[in-house]
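[1] Attaching a predicted model along with its sequence, questions to come.
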Amino acid sequence: MKIRSTSPPAQSGNALLLVLIMVLVSLTMMLGLFGYGSTNVRLNQRTTDYYMAVGAAEAATEKVLGRITQDFNDYGDGYVQQNLDTYRATLPTTTESSYWRDFVFSDNARTTNHIEVDFNHLPGFAIIGGQYGPLRAYQDQIRILANARWSKSQDNVAGSVFQDIQLSRIPIFQYAIFYNITLEFTPQPPMKVYGPVHCNTNIYMNPAGALSFSNDVTSSGTIVAGPNPAGPFGLLGGTTTYAGHHDSGLSALSLPIGTNNSPAAVTQVLDAPPAGEDPRSSLGSQRYYNKADIIITVSNTSVRLMSGYWNNFAVANVTATNQLYWISTNTVFYNKREAKYVKAINLDIAKFKLWNATNTLIRPTLPLSDIDCIYVLDRRTFASTNQSGVRVINGASLPPAGLTIATASPLYVQGNYNAPASALGTTNTTATLPASFAADAITVLSTNWSDANGLASLSSRIAGNTTVNAAFLCGIVATTMSSDSGGVENFPRFLEDWTSKTLTYNGSMVAMFYSRTATGLWMGIGSTYDIYNPPDRNWGLDQNYSYYNKLPPATPGLTVMVRSQWRTPAAFTTNVMAGF
């Protein structure tokens with residue numbers, strides 16, 4: 001008898017084992033795919049959290065940047081430096097948006113509700129570049145750095161952003177022409193402008209002849225090829241050519257005198273301060289009165305001199321004739337444009353130069369030993385037929401440190417000024433000294449001027465060739481439908497027949513406001529109006545002004561903010577750069 005085996009075939013056991021292995025592999029793969037998906041989701045969430053944190057950090061730096069920019073433009077770099085702690089606590093708030101309640105801001109020390117704001121002075125007198133071309137500036141640098149974290153981030157992911165910005169102060173006299181008010185060009189003889197030009201409003205190019213620019217022309221408004229629609233002129237038909245850029249719509253450049261930088265407000269830099277004003281305030285620090293080494297006050301009955309804010313006005317009320325022999329108030333001349341007699345406060349610069357070198361009242365305590373800035377305050381009362389005026393005479397040679405003269409009155413410069421023999425009639429200013437005038441208006445009286453001829457006809461007021469090397473900051477009379485301003489070619493005023501005579505001028509022409517005292521209209525030229533005929537204009541920007549130690553004393557500075565760099569370093573760190 002045959003016995004049959006009851007054991008299952010070997011193939012069946014192998015198949016079961018294979019199925020089990022396949023199930024195990026599938027489960028492993030499924031677990032792996034699940035783990036990969038979970039990791040990927042978490043990585044994606046971390047990336048999302050990071051970019052949310054970086055966006056919040058950037059928002060924090062932008063908020064601080066906006067506040068610093070406004071404060072710098074309004075009040076200057078000193079104010080910014082004094083308020084760093086305020087900026088460090090300036091963060092996005094739930095008042096602005098409920099979105100910010102879910103973010104935590106901190107500095108690199110992980111102090112919450114606090115970000116990094118670091119201030120650093122940069123050495124030198126550097127070229128700004130960009131839209132400001134060859135202009136140089138004194139610069140400070142600020143780094144704003146914020147770390148931010150989304151509070152709902154499972155992994156506490158943080159992001160960081162820093163911005164570096166440069167706060168620049170451009171000495172205003174680096175511009176050949178700078179207008180804080182409407183700028184008009186209406187020359188008839190060919191006119192060449194050497195040096196950069198900027199206007200904080202509109203520029204109207206309406207020459208009757210050929211007008212050319214050797215450097216950039218920029219406007220915060222619009223550069224218009226044509227007449228000012230607010231004036232009486234139509235299209236004069238001349239040509240305008242540019243060797244550099246001519247760009248509209250640029251940022252306005254302002255003096256840091258406060259939140260109001262209108263022309264009427266800027267005029268206050270010429271005024272004596274009101275009682276109680278802090279000389280260190282934004283406006284107080286820009287007043288020529290507070291920048292002056294000495295202050296001359298003329299009343300109906302006296303002439304007094306005192307030292308300036310630099311020593312808290314300690315030397316006061318000097319009235320001795322032997323100390324004030326270079327100041328006189330006993331001359332009068334007639335101004336045909338104003339149709340008034342000018343009761344002149346004469347400053348004899350040759351005599352002042354001697355007094356400056358020998359006086360024992362001011363010189364011993366002056367930081368530089370020499371007086372380089374004078375402020376003249378006229379407190380006299382005038383009949384309607386008279387007008388205040390400060391006149392500078394015998395100024396061919398200046399004191400060793402140069403000289404700035406400022407007043408809220410109209411100013412007259414008579415004869416060659418800051419013009420040694422080598423500088424007469426040329427653009428060679430290597431032997432000149434830093435000089436400027438700041439006044440309500442500035443009139444140039446030639447080397448031939450005679451007070452006795454002020455009322456005489458134009459044919460009796462024949463000018464002589466004259467050289468003036470000084471920056472001018474003053475006002476003009478605005479264009480209206482019935483009267484033109486005279487254009488920038490008549491920015492310095494004249495009272496003589498300059499036909500075939502040359503005014504050589506090296507400096508900078510700055511119109512920051514409209515005149516308040518010398519408001520006589522520009523009527524025109526020639527015998528019909530009997531006021532003046534224009535000179536041959538040999539005018540140019542004084543190239544010395546590109547050197548910080550050759551700028552006129554008390555030169556005002558325009559504020560400019562420039563972004564330097566923006567980065568996203570690892571949280572709670574920063575990339576080190578020079579100066580930080």
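    Cool, the structure landed. Residues are numbered from 1 along each chain as shown.
[2] ok, L458 - how many residues close by?
    Residues near L458, counting by other Cβ atoms under 10 Å, number 21. Placement of C-beta: from N, CA and C, glycine included.
[3] Spit out the contact partners of it.
    Shown in contact with L458 (Cβ atoms under 8 Å, 6 or more residues apart in numbering): E496, D497, G526, S527, D530, I531, Y532, N533.
[4] redo that, cut-off 10 Å
    Taking Cβ atoms under 10 Å, 6 or more residues apart in numbering, we find L458 in contact with 336, 495-497, 499, 525-533.
[5] Tell me which residues of stretch 564-577 come out buried.
    By neighbour count on 16 or more other Cβ atoms under 10 Å, the buried set for stretch 564-577 is T568, P569, A571, T574.
[6] my bad, should have said stretch 488-508
    Within stretch 488-508, the residues that count as buried by 16+ other Cβ under 10 Å are 488-498, 501-508.
[7] and that stretch, how far from the chain's centre?
    Centre-to-centre, stretch 488-508 and its host chain are 26 Å apart (Cα atoms, centre = their mean, to the nearest Å).
[8] One more: stretch 132-143?
    Here the centre of stretch 132-143 is set off from its chain's centre by 11 Å, with Cα atoms, centre = their mean.
[9] same question, stretch 179-197
    19 Å.
[10] Now do the same contact list for R143.
    61, 116-120, 162-165, 564-565, 574, 577, 579-580.
[11] quick one: which of these is nearest to I405?
    F119 (34.9 Å; Cβ to Cβ).
[12] In the helix or strand where that closest one lies, which residues are buried?
    Secondary-structure element containing F119, defined by DSSP states H and E: strand 116-127. For strand 116-127, burial by neighbour count (16+ other Cβ under 10 Å) applies to E116, V117, D118, F119, L122.
[13] Reformat those as JSON lines; add distance to L398.
    Shown next, in JSON lines, are these (distance: Cβ to Cβ, whole Å):
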{"residue": "E116", "distance to L398": "48"}
{"residue": "V117", "distance to L398": "43"}
{"residue": "D118", "distance to L398": "42"}
{"residue": "F119", "distance to L398": "37"}
{"residue": "L122", "distance to L398": "31"}
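[14] between the residues you listed, which is nearest E277?
    For these, the nearest to E277 is F119 (26.2 Å; Cβ to Cβ).
[15] close enough to count as contact, that closest one and L167?
    Yes: using Cβ atoms under 10 Å, F119 is in contact with L167, at 8.9 Å.
[16] so what sits against both of these two?
    Common contacts of F119 and L167 (Cβ under 10 Å, 6+ apart): I68, D77, V80, Q81, D140, Q141, I142.
[17] Of those residues, which is the nearest to T95?
    Once Cβ to Cβ is applied, the member of the shared contacts of F119 and L167 that ends up nearest T95 is I68, at 20.4 Å.
[18] And the average pLDDT for stretch 473-485 is what?
    For stretch 473-485, mean pLDDT rounds to 96.
[19] Now the terminal residues of that stretch, how far apart.
    In stretch 473-485, first residue to last residue: 16 Å (Cα to Cα, to the nearest Å).
[20] Pull out the buried positions in that stretch.
    L473, C474, G475, I476, V477, A478, T479, D484, S485.
[21] what's the most distant pair in the residues you listed?
    Farthest pair in the buried residues of stretch 473-485, by Cβ to Cβ: L473 and D484, 21.9 Å.
[22] ok, back up a step: of the contacts of L458, closest to G258?
    For the contacts of L458, the nearest to G258 is L495 (36.3 Å; Cβ to Cβ).
[23] Count the neighbours of R169 for me.
    For R169, using other Cβ under 10 Å, the count is 19.
[24] ok, of the contacts of L458, which come out buried?
    For those, a burial check counting by 16+ other Cβ under 10 Å picks out K336, L495, E496, D497, I525, I531, Y532, N533.
[25] any idea which of those residues is closest to G231?
    Closest approach to G231 among those (Cβ to Cβ): I525, at 16.5 Å.
[26] partner strands of the one helix or strand S388 maps to, parallel or antiparallel?
    Applying DSSP H and E as the criterion places S388 in strand 386-393. With DSSP bridges as the test, strand 386-393 is paired with strand 340-348 (parallel), strand 411-414 (parallel).
[27] What average pLDDT does the following helix or strand past the last one get?
    Right, strand 411-414. Downstream of strand 411-414, the next assigned helix or strand under DSSP H and E is strand 435-438. The pLDDT scores in strand 435-438 average 98.
[28] Then stretch 248-263?
    For stretch 248-263, mean pLDDT is 93.
[29] now do the same end-to-end measure for that stretch.
    First-to-last residue span, stretch 248-263, Cα to Cα: 20 Å.
[30] List the buried residues in it.
    A252, L253, S254, L255, P256, I257, N261, P263.
[31] among these, which are in helices?
    In this view, the buried residues of stretch 248-263 that belong to helices under DSSP state H are P263.
[32] ok, which pair from the buried residues of stretch 248-263 is furthest apart?
    P256 and P263 (15.7 Å).
[33] show me the contacts for A176.
    A176 neighbours (Cβ under 10 Å, 6+ apart): 193-198, 213-215, 217, 488, 507-510, 539-542, 545.
[34] Can you tell me the closest non-neighbouring residue to it?
    Of all residues not flanking A176 in the chain, G195 sits nearest, at 2.8 Å (Cβ to Cβ, 6 or more residues apart in numbering).
[35] Where do the helices of the stretch 51-200 of the chain begin and end?
    Here the stretch 51-200 of the chain has its helices, by DSSP state H, counting those that start in this stretch, at 77-82, 84-88.
[36] before we move on, what about the stretch 451-580 of the chain?
    Shown for the stretch 451-580 of the chain, no helices are assigned by DSSP H, counting those that start in this stretch.
[37] circling back to that earlier point, the residue nearest to A176 contacts T427, correct?
    No: applying Cβ under 10 Å as the test, G195 and T427 come out as separate, 11.3 Å apart.
[38] where do the contact lists of these two overlap?
    Joint contacts of G195 and T427 (Cβ under 10 Å, 6+ apart) are W539, G540, L541, D542, Q543.
[39] SS state for T331?
    Following DSSP: H, G, I helix; E, B strand; the rest coil, we place T331 in the strand state.
[40] Which strand residues bridge it?
    Beta-bridge pairing for T331 (DSSP bridges): A344.
[41] ok, it touching V342?
    Yes: look at T331 against V342 with Cβ under 10 Å: they come within range, at 8.9 Å.
[42] Among these two, which residue is more densely surrounded?
    Under the criterion of other Cβ under 10 Å, the comparison of T331 against V342 puts V342 first, with 25 against 14.
[43] mind checking pLDDT for the more buried one?
    98.
[44] The nearest residue to it once chain neighbours are set aside: neighbouring residues, count only.
    Spatial nearest neighbour of V342, excluding adjacent residues (Cβ to Cβ, 6+ apart): G389 at 3.9 Å. Using other Cβ under 10 Å, G389 has 29 other residues around it.
[45] Just give the closest residue to M306, not the sequence neighbours.
    Per Cβ to Cβ, 6+ apart, closest to M306 is A316, 4.2 Å.
[46] Around that neighbour, how many other residues sit close by?
    Counted with other Cβ under 10 Å, residues neighbouring A316 total 11.
[47] Now it: which helix or strand?
    Going by DSSP H and E, A316 is not part of any helix or strand.
[48] Surely it and I362 touch.
    No: A316 lies out of contact with I362 (Cβ under 10 Å); the separation is 11.3 Å.
[49] Identify the contacts common to those two.
    L305, M306, S307.
[50] what would the buried residues of strand 116-127 look like in CSV with distance to D247 and pLDDT?
    Shown next, in CSV, are the buried residues of strand 116-127 (distance: Cβ to Cβ, whole Å; pLDDT from 0 to 100):
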residue, distance to D247, pLDDT
E116, 35, 95
V117, 32, 96
D118, 33, 96
F119, 31, 96
L122, 26, 91
